[in-house]
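>>> Curious how this folds, go ahead:
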Amino acid sequence: MELLQSKLETKRAGRTGFKRKRYWIPILVLVLITGFVGIGAQLTPKITIFLLKSGFELASADKNSNEAVIAEGVTRVADVPYADDGRNDSTLDIYYPSVTSEPLPVVLWVHGGGWVLGDKADITNYAVQLAKQGYVVVSMNYALAPDTKYPTPVVQTNQALTYVKNHASEFQGDPKKIFLAGNSAGAQIASQTAAVVTNPSLAKLMNITPTTQPEELRGVLLFCGPYNLSTVAETGFPLIRTFLWSYTGVKTFEEYPRLDEMSTVFQATTEYPPAFITSGNDDPLTSQSIELAQVLKRLDVDAETLFFSNSSEKLGHDYQFDLETEAGQQAMHSAVRFLQEYSR
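Just a heads-up that it's a prediction; the model follows:
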């Protein structure tokens, strides 16, 4: 299987890795500033997120050099409303092979950004590479904290699943072969949504009616996410307390009464779909991925993992987006192999 058809395409796809590295620039700057003046724990979410967004704008100054590249043979349909006529950030981008002879599996991707940042366009180059492998990739937006709180993104992901199921054939997708995927906070949202689809008790508790049947959700692909929110602060992930304060509305988020509901390690059942779980060996959240994989295996759920524990290379958060690296390409190969196996 050929991941990248030319050196030029490899370089272009690798720009997603550059974008991934930019995520750390404003975070690290903010951590240093607030830590130096001793006010990091006192900043309100709105102020902190404003500073983060300002940092991202500065880090994105060279915007033209980082524009997404749509490869030949891949069609993109952008800004499609999936609910509420697109209000409240309810839009998605769709990528699919321009020529295909049969309906293709669909991957619905939830972007990362600590529940407070990010955009569906962030994974454009990655989505193009997956589409070239013979998949329909749907990248969704959702309302961000602190302006919108939990559980809105989970509700929206269920709405996006409904759209995919009802309209898959319009973009050459197979509505009976759907995968959920996500990175970072998006992996948490995707993993929880998969639990909603396969755990009727959780769906009832959250007052969500899944329209996707468990057998139609063929699997989940989870990259570098948090899955036990009662212990995630112990990982030391930068600004995790501010992120979850923003998302839950509770400063001491461990006291949030719905925290177990948000934690996939507590909500997965024996009906949970097969999972591909990966995280870098230098990512503070890797322990969360390992815990989820262990939980799923105890439930006898198929769980494939990629953790690089024996690698000498340090692979940080969202390492998979840098397709110029061996690890990034290995993650892509493993993800595609997972998709192939559970699309049969």
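
>>> you'd agree Arg218 is in a helix?
No: for Arg218, which was evaluated using DSSP: H, G, I helix; E, B strand; the rest coil, the result is strand, with no helix membership.

>>> any idea how far it lies from Ala160?
For Arg218, the distance to Ala160 under the criterion C-beta to C-beta, to the nearest Å works out to 16 Å. No exception for glycine: its C-beta is placed from N, CA and C like everyone else's.

>>> Over to Ser279?
24 Å.

>>> returning to what we had before: looking at Arg218 and Ala160, which is more packed in?
A count of neighbours by other C-beta atoms under 10 Å puts Ala160 above the other of Arg218 and Ala160, at 26 against 23.

>>> what pLDDT, on average, does whatever helix or strand that one lives in get?
Of the helices and strands defined by DSSP states H and E, Ala160 is found in helix 152-167. Confidence over helix 152-167 (mean pLDDT, whole number) is 98.

>>> Could you pull out the buried residues of that helix?
Judged by neighbour count using 16 or more other C-beta atoms under 10 Å, the buried positions of helix 152-167 are 152-165, 167.

>>> before we move on, what about stretch 246-254?
Of the residues in stretch 246-254, those buried (16+ other C-beta under 10 Å) are Ser246, Tyr247, Thr248, Val250, Phe253.

>>> Sketch out the low-pLDDT regions of this protein for me.
Under the criterion pLDDT under 70, the flagged ranges of the chain are 1-43, 54-69.

>>> Spatially central residue in it, please.
Relative to the mean C-alpha position of the chain, the nearest C-alpha, by C-alpha atoms, centre = their mean, is the one of Gly182, at 2.0 Å.

>>> circling back: and which of the buried residues of helix 152-167 is nearest to Thr242?
Pro153 (17.1 Å; C-beta to C-beta).

>>> I'd like to know how far that closest one sits from Met140.
Pro153 sits at a distance of 9 Å from Met140 (criterion: C-beta to C-beta).

>>> Now Asp283: closest residue in space, sequence neighbours ignored.
Leaving aside its chain neighbours, Asp283 sits nearest to His317 (4.6 Å; criterion: C-beta to C-beta, 6 or more residues apart in numbering).

>>> Let's verify that neighbour: helix, strand, or coil?
Counting by three-state DSSP, the backbone at His317 sits in coil.

>>> Quick check: it vs Gln156, distance?
When distance is defined by C-beta to C-beta, His317 is 24 Å away from Gln156.
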